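>>> Quick one, structure for this:
(chains A, B, C and D)
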2 protein chains.
Amino acid sequence: MNLEDIAKKAGVSRSTVSRVINNDRYVSADTRERVMRVIEEENFQPNPAARALVTRRTEIIGVVIPNTENIFFTDNSYFPMLLAGLGEATRQRDYALLLWLGELTNKDEHWIRKITTSRQADGLVIASLTHDHPLFPRLLEMHMPIVMIDRPLQHEERINYVTIDNIHSAETAVGHLIAHGRRRIAHITGHVEISDGRDRLIGYQNALTKAGLPVDPNLIYYGKFTRTAGYHGMKYLLQYKPDAVFAGGDTIAIGVLQAIQEEGLRVPDDIGIIGFDDIDVARQSNPQLTTMRQPVQQKGAVAAQLLIDLIEGKLQSPQHILLPTELVIRGSCGADHPALPLSSNNHRTQATKGGDVQPSQ
Amino acid sequence: MNLEDIAKKAGVSRSTVSRVINNDRYVSADTRERVMRVIEEENFQPNPAARALVTRRTEIIGVVIPNTENIFFTDNSYFPMLLAGLGEATRQRDYALLLWLGELTNKDEHWIRKITTSRQADGLVIASLTHDHPLFPRLLEMHMPIVMIDRPLQHEERINYVTIDNIHSAETAVGHLIAHGRRRIAHITGHVEISDGRDRLIGYQNALTKAGLPVDPNLIYYGKFTRTAGYHGMKYLLQYKPDAVFAGGDTIAIGVLQAIQEEGLRVPDDIGIIGFDDIDVARQSNPQLTTMRQPVQQKGAVAAQLLIDLIEGKLQSPQHILLPTELVIRGSCGADHPALPLSSNNHRTQATKGGDVQPSQ
DNA sequence: TTGTACGCGTTATCAC
DNA sequence: GTGATAACGCGTACAA
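The predicted model follows:
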């Protein structure tokens, strides 16, 4: 079935059918109806390849998740939620979603080339790209629009991205611990090759400095966004007797909690914990995690919308979007109410008491 | 850049370039080399739309996850792992992956039509489709190959699928509880509109019957594959004093554990638990979950491979593939060693002692 | 308002 | 071995 067949059945020419399908104004009401009827009858869909060939648009957006090494799909729910947001927005705009899951193998070159030069998508959303990934330099040569999730660590000014204010959010989190009397606050970082990891470290340092506290290198453990990193990091850090830990992510925080409890110490009494993300696990631990919530699903949705706006020429590059975060206070930090003088100079980051509609442990 | 341009640069005709790209035998060694050089220089990739238009193949497989209602992306890691497997296999075969995330909205009709009739993919992998989903009847009219993950509850004989032997696996799990002295074994099901949920229920009943135990309807709670269902289901079931629970999935089991511990009862002493899946959370609870492991990632990979084989005509429909499962014994069932006379008549399902390389709580 | 004719970039079928 | 050339199905000037 093609336009020609439909045209014949409806007693019109092929171009008229095309006009009907593309909502061209210059079609009389009853021709349109007649054609529509046939289209419905035949359950006809125009051939996307033929269409793409002439319009040079596929109405597909590509989503690249470059580093899959377990973390992405087993250790936490960050990427799944991102995908949910991306999928939802993509669908609303009537686009399709091409998913590229990466891995660091030898075939990377072929994979990268396929992603960047094959015109299977009209644009790309790229999540959590490390600045040293071979894909990075290729992005700059590309002809289609790109939106990165997380602030790129190079060429920031030229690249579209959507993220949160990691630095300030981390400052707020650590500031909260300080405000509640913690003095030896440790930090376990996520991947510092990604701005999410790096900026939270910076925010941590800022908070200490602003409070007149020393930044002790011994209290910083360079990890990854995994439970295992949190666990081992904490085991290591315990020798330096921290009274609180700011974890670069909730998954890390879960590992931290486990390590602390294994040593017979109490959370939050002996050591307070604050996580980051507010993903599922934050509510499933005992005590539940105090954490800096970021709108992960919304990040995905906004990224997709932005990309499509770029593709359709409704917006011009570069676009930089910051989404709001929120400190959610639960049991792990030892303050059952928000400290008062927090984040007064930034309207994007607010401290609120975290509700919990889920069953609690 | 197109074939014509490359041809000009290489001093040959367009057809020759096409032959080189498609590895046609009838090209002399040095013409091939000359053409290849130009292709490399220009970083040329043939236009997929033009190619698809004539070959009628996109080299893209579609992956449909029909019901997204949170569960898929926040409550457990089943679908992410499936996706990891699908992505890996797809990539190995040099295909791309088009992801369709569903939701039950009014726009479904449009969405379904787009999936089934637009030729953007050469075939479809469909995960966990409920038998009452509007997509189901449409599948049967389709012209491209389809592989379902999970046994379809209708037209099983006509549809390709890859799954596990849920019935026998559930029997083995429950049999294990029985062998260790449990007599009042409850069951919280997953979605029984999916074979994964339904067949495990059947296996549960079979095991009881074979052991001469009564099947008490009061001990069966019809739930979903979520932690919340497990939690509420268990709260409800406690009035009937079960001494063990077979949970339809690990996520359910986590909710069960939480509910039991909240009531001051001990696992496994007062109530034993066996889960299903062996996803991440199974090792993160205290006690860790005894569970029936299924190879989720492999399910995805095998489904993708099967679909591509079908597309390329290497295999004929229908194909039914069963993957092996394995009982992993940890702390929650109260048996620190496998019971002896289990699963003796089925080589696909083995009982082994579960190792744990992860830090334990 | 509708129809005609051309071009999009490939592959495939012929000749040579 | 290689080069013309006819599809593939659609959008879109341009003509009517």
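>>> Close to DNA strand D: what parts of chain A are there?
Within chain A, the positions near DNA strand D by C-beta under 7 Å from any atom of the strand are A:2-4, A:14-15, A:18-19, A:21-22, A:46-47, A:50-51, A:53-55. Using the backbone N, CA and C atoms, a C-beta is placed for each residue, glycine as well.
>>> Buried by neighbour count, from the residues you listed: which ones?
A:3, A:18-19, A:21, A:46-47, A:50-51, A:53 (16 or more other C-beta atoms under 10 Å in any protein chain shown).
>>> List the ones among the residues of chain A next to DNA strand D that fall in helices.
Mapping the residues of chain A next to DNA strand D onto helices (DSSP state H) picks out A:3-4, A:14-15, A:18-19, A:21, A:50-51, A:53-55.
>>> Pick out whichever of those sits closest to B:Ser169.
Relative to B:Ser169, the closest of those is A:Arg51; by C-beta to C-beta it sits at 46.3 Å.
>>> what residues are up against that closest one?
Applying C-beta atoms under 8 Å, 6 or more residues apart in numbering or on different chains, we find A:Arg51 in contact with no residue.
>>> Checking my notes, A:Met292 in a strand, right?
Yes - per DSSP: H, G, I helix; E, B strand; the rest coil, A:Met292 lies within a strand segment.
>>> still on that earlier bit, restrict the ones in helices among the residues of chain A next to DNA strand D to those near DNA strand C?
Taking C-beta under 7 Å from any atom of the strand as the test, DNA strand C is in contact with A:14-15, A:19, A:50, A:53-54 out of these.
>>> now the strands for chain A?
With DSSP state E as the definition, chain A shows strands at residue ranges A:60-65, A:96-101, A:123-127, A:146-149, A:160-164, A:185-188, A:220-221, A:244-247, A:272-277, A:290-293, A:320-323, A:325-329, A:349-353.
>>> nearest to chain B, of these?
The minimum distance between chain B and these falls on strand A:96-101, with 3.5 Å, by C-beta to the nearest C-beta.
>>> Residues contacting the closest one, please?
Contact with strand A:96-101 is made by A:59-65, A:68, A:83, A:86-87, A:90-91, A:111, A:115, A:120-121, B:60, B:63, B:83-84, B:87-88, B:91, B:96-101, B:114, B:120, as judged by C-beta under 8 Å, 6+ apart.
>>> And the closest residue to A:Ile159 other than its chain neighbours, how close does it get to chain B?
Closest residue in space to A:Ile159, ignoring its immediate chain neighbours: A:Pro152 at 4.8 Å, by C-beta to C-beta, 6 or more residues apart in numbering or on different chains. For A:Pro152, the distance to chain B (C-beta to the nearest C-beta, to the nearest Å) stands at 22 Å.
>>> residues contacting A:Pro152?
So A:Pro152 contacts A:129, A:131, A:136, A:159, A:161, A:195 (C-beta under 8 Å, 6+ apart).
>>> Now the buried members of the residues you listed.
Buried subset of the contacts of A:Pro152 (neighbour count, 16+ other C-beta under 10 Å): A:129, A:136, A:159, A:161, A:195.
>>> OK, contacts around the third one?
This means A:Ile159. Counting by C-beta under 8 Å, 6+ apart, A:Ile159 makes contact with A:139, A:146, A:148, A:152, A:318.
>>> quick one: contacts of stretch A:128-136?
With contacts defined as C-beta under 8 Å, 6+ apart, stretch A:128-136 is touched by A:64-67, A:102, A:108-109, A:112, A:115-116, A:126, A:148-150, A:152-154, A:191, A:193-194, A:196.
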